[in-house]
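Asker: sequence-free structure coming up:
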């Protein structure tokens, strides 16, 4: 079964990489400008291990209670393989300490209180000697203003970027967004791209634009995405993880 699953993942990976390459050709960009995040939520650690063997280095999760043990299992199985974990889901502030224990980057910062909780957790981890580096973060923008799905309204994006940039425990890497179902993806990612450019004008190091998933990655790349988050297109379908 492992060999069969490896073949399935290899085929999915080849297909996704070709989609990225084609989208970059259409946009006049290099595929090297676009990072692939394998969204392994609801999939077992064994899939992440197989993907790492195929050259994937970045993995994304959206639930701390699933991600923490999965990241630990992968670390034990691949102690010499450089793997980075990204938190892309909505967060509760009381999970901050756990999340900074496994995440190399959090892409879903959407409030000053969450940023403060993460900074406090990083400071605590540094004091305990379990973490030495600041935490990379992206600010999640809400393109339609519906914060129930996560994200800061565009009107508050620059203020939150300033808040994050002032923290010595956090490094502002850029902006993340999801195209709302109510919006045309091209219009949504164009709006996100303009918002990210405004953040970069004040914070030149915040160059990352995380946008695009399995169904709309080509459109996102056309609007400047530097990071696509792919689950189904890479790993296939799977039932929801247990609560």
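Answerer: Structure's in. What do you need? None of these values were measured; they are calculated from a predicted model.
Asker: can you map out the strands along the protein?
Answerer: 35-39, 58-61, 84-87, 105-109, 135-142, 152-153, 170-177, 208-210, 227-230 (DSSP state E).
Asker: dump these to CSV, plus distance to residue 17 and mean neighbour count.
Answerer: (Glycine included, C-beta is placed from N, CA and C.) Putting those into CSV (distance: least, Cβ to Cβ, whole Å; neighbours: other Cβ atoms under 10 Å) gives the following:
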stretch, distance to residue 17, mean neighbour count
strand 35-39, 7, 23
strand 58-61, 13, 24
strand 84-87, 18, 23
strand 105-109, 21, 24
strand 135-142, 23, 25
strand 152-153, 32, 19
strand 170-177, 21, 24
strand 208-210, 18, 26
strand 227-230, 10, 25
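Asker: mind checking which of the ones you listed is nearest residue 216?
Answerer: Of all the strands of the chain, it is strand 227-230 that lies closest to residue 216, at 9.1 Å by Cβ to Cβ.
Asker: what comes into contact with that closest one?
Answerer: 16, 20, 34-39, 60, 88, 176, 208-214, 217, 220-221 (Cβ atoms under 8 Å, 6 or more residues apart in numbering).
Asker: now render the strands of the chain as TSV, adding distance to residue 160 and mean pLDDT.
Answerer: Shown next, in TSV, are the strands of the chain (distance: least, Cβ to Cβ, whole Å; pLDDT from 0 to 100):
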stretch	distance to residue 160	mean pLDDT
strand 35-39	22	98
strand 58-61	21	98
strand 84-87	17	98
strand 105-109	7	98
strand 135-142	6	98
strand 152-153	5	96
strand 170-177	9	98
strand 208-210	15	98
strand 227-230	19	98
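Asker: could the ones you listed go into a markdown table alongside distance to residue 9?
Answerer: Listed next are these as a markdown table, based on distance: least, Cβ to Cβ, whole Å:
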| stretch | distance to residue 9 |
| --- | --- |
| strand 35-39 | 9 |
| strand 58-61 | 13 |
| strand 84-87 | 18 |
| strand 105-109 | 23 |
| strand 135-142 | 26 |
| strand 152-153 | 35 |
| strand 170-177 | 25 |
| strand 208-210 | 22 |
| strand 227-230 | 12 |
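Asker: so which of the ones you listed is nearest residue 238?
Answerer: Of all these, strand 35-39 sits nearest to residue 238, with 11.2 Å by Cβ to Cβ.
Asker: the closest one pairs with which strands?
Answerer: Partner strands for strand 35-39, per DSSP bridges, with pairing direction: strand 58-61 (parallel), strand 227-230 (parallel).
Asker: how about residue 64: what's its closest non-neighbour residue?
Answerer: residue 95 (4.5 Å; Cβ to Cβ, 6 or more residues apart in numbering).
Asker: correct me, but that neighbour touches residue 63?
Answerer: No: using Cβ atoms under 8 Å, residue 95 is not in contact with residue 63; the gap is 9.2 Å.
Asker: show me where this protein has helices.
Answerer: 2-27, 45-53, 64-77, 96-102, 112-128, 157-166, 185-202, 217-222, 232-235 (DSSP state H).
Asker: contacting residues around the residue lying closest to residue 61 once chain neighbours are set aside?
Answerer: Among residues not flanking residue 61 along the chain, residue 67 sits closest, at 3.5 Å (Cβ to Cβ, 6+ apart). By Cβ under 8 Å, 6+ apart, the residues touching residue 67 are 41, 61, 85, 87, 99, 102, 103.
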